[in-house]
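In: Coordinates only, no sequence provided:
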């Protein structure tokens with residue numbers, strides 16, 4: 001991936017949005033996921049807003065011949081649902097429910113400290129490396 005000013009600005013906007021919306025706060029996320037307890041539905045508005053922006057944004061951007069800062073679009077070509085996809089989605093959901101963090105918010109929350117974010121990121125990186133080692137051997 002080519003690093004550029006646009007990549008940096010996109011990352012800052014994404015991290016800022018996660019921080020403002022409190023997606024980096026595991027307690028806020030856990031309250032959102034606790035639908036049978038002390039449920040806090042406010043993150044549903046964050047996710048709904050993200051879906052609306054993405055829905056409109058993709059339609060506008062994909063009308064262009066090419067992206068502003070790249071030679072072409074790199075869109076996924078696979079459409080099948082296979083076991084690795086289901087297992088990965090399940091593990092993501094379980095991890096999000098147990099830790100109250102997922103990769104993007106964990107990275108954003110690491111910028112202002114907190115041992116839990118560092119533990120999450122360390123575990124995530126070790127898991128990615130382990131997966132790559134196992135995948136190479138098969």
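Out: Structure received. Just so we're clear, the structure is a prediction, and the values are computed from it rather than from any experiment. Numbering: from 1, shown residues only.

In: tell me the centre residue of the protein?
Out: Residue closest to the mean C-alpha point of the chain, counted by Cα atoms, centre = their mean, is residue 104 at 4.4 Å.

In: Distance-wise, check the residue nearest to that one when sequence neighbours are not counted relative to residue 43.
Out: Using Cβ to Cβ, 6 or more residues apart in numbering and skipping residues adjacent in sequence, the residue nearest residue 104 is residue 18, 6.0 Å away. (Each C-beta comes from the backbone N, C-alpha and C, glycine too.) The gap separating residue 18 from residue 43 is 11 Å, by Cβ to Cβ, to the nearest Å.

In: out of the two, which sits in the busier spot?
Out: Neighbour tally, residue 18 and residue 43, criterion other Cβ atoms under 10 Å: the higher count belongs to residue 18, 20 against 17.

In: how about the helices in the protein?
Out: According to DSSP state H, the chain carries its helices in the segments 5-20, 26-33, 42-61, 83-99, 103-110, 115-137.

In: Now do the third one: everything it contacts.
Out: Right, the one you point to is helix 42-61. Helix 42-61 has contacts (Cβ atoms under 8 Å, 6 or more residues apart in numbering) with 21-23, 28-29, 32, 67.

In: now it against helix 5-20, angle please.
Out: Orientation check (axes from the mean of the first three to the mean of the last three Cα atoms, to 10 degrees): helix 42-61 against helix 5-20 gives 160 degrees.

In: quick one: buried residues of helix 42-61?
Out: The neighbour-count check on helix 42-61 (16 or more other Cβ atoms under 10 Å) flags 43, 46 as buried.

In: and that helix, average pLDDT?
Out: Per-residue pLDDT values over helix 42-61 give a mean of 92.

In: For that helix, what is the distance to the chain centroid?
Out: Relative to its parent chain, helix 42-61 has a centroid offset of 14 Å by Cα atoms, centre = their mean, to the nearest Å.

In: now the fifth one
Out: Between the centre of helix 103-110 and the centre of its host chain there is 9 Å, according to Cα atoms, centre = their mean.

In: Can you tell me which of the helices of the chain is most buried?
Out: Of all the helices of the chain, helix 103-110 has the most neighbours on average by mean count of other Cβ atoms under 10 Å, namely a mean of 20.
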